[in-house]
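In: build me a structure from this.
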Amino acid sequence: MRTYPRSFAPTLHAALLALLATGLLLTPGALRMRMEWEVPWFLPSEMRVWVAALHALSFLLVFGFIGALWAVHMRAGWVRRENVASGALLLGAFGLLGLSGLGLYYAGGEALPAWSAVVHLLAGGLLPLLYIGHRLGARAAAARAWPVRRRGVQAAACARTARTAPPASQTVSTRS
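Out: The predicted structure is shown next:
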């Protein structure tokens, strides 16, 4: 993610942590309200409103970041065919979380909000694992693309395997 500002990754991670933390705080209340389970602890109603608002705000921030990642990061990974499966799973989980979150608030009846809660909680629980898997896959792809230099290996040999811009003779001219 070298094309993004320095503060992009820390801000993205802060928004993801806020989303996860507020989701964990809201989970006992969701289990109590939607699934009618008896839980030993849940947030009081006045605090639950503020935590839910922070959860929604961090959701909007994360979806904005996903849009920014779509512009460069996802498209470049798709072209290079790196981490496509884990990235697609991660993107699908975020989409499922967004849809099930809407179902939690706006679905009518009795069964649909309960199913939305189940799907939302399961997808939210899987999301950190998918993210960690995506990051580990990115490290493996980076290790393949940028091999460690060994003693006695010429720098030029390592430069040939690195991803660099094509020489000027291979670029498309915009002049007519």
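
In: okay, now the unreliable bits of this structure?
Out: Applying pLDDT under 70 to the chain picks out residues 1-2, 148-176.

In: ok, 50 please
Out: Counting by pLDDT under 50, the low-confidence segments of the chain come to 155-157, 160-162.

In: ranges for the strands of it?
Out: With DSSP state E, there are no strands along the chain.

In: for this protein, which helix is longest?
Out: Determined from DSSP state H, the single longest helix within the chain is helix 111-145.

In: show me what it is packed up against.
Out: helix 8-33, helix 84-106 (3 or more Cβ pairs under 8 Å, 6 or more residues apart in numbering; DSSP states H and E). C-betas here are computed from N, CA, C, even on glycine.

In: could I get those as TSV with distance to Leu122 and mean neighbour count?
Out: Putting these into TSV (distance: least, Cβ to Cβ, whole Å; neighbours: other Cβ atoms under 10 Å) gives the following:
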stretch	distance to Leu122	mean neighbour count
helix 8-33	11	16
helix 84-106	9	16
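
In: follow-up on the earlier one: between the longest helix of the chain and helix 8-33, how many degrees?
Out: 150 degrees (axes from the mean of the first three to the mean of the last three Cα atoms, to 10 degrees).
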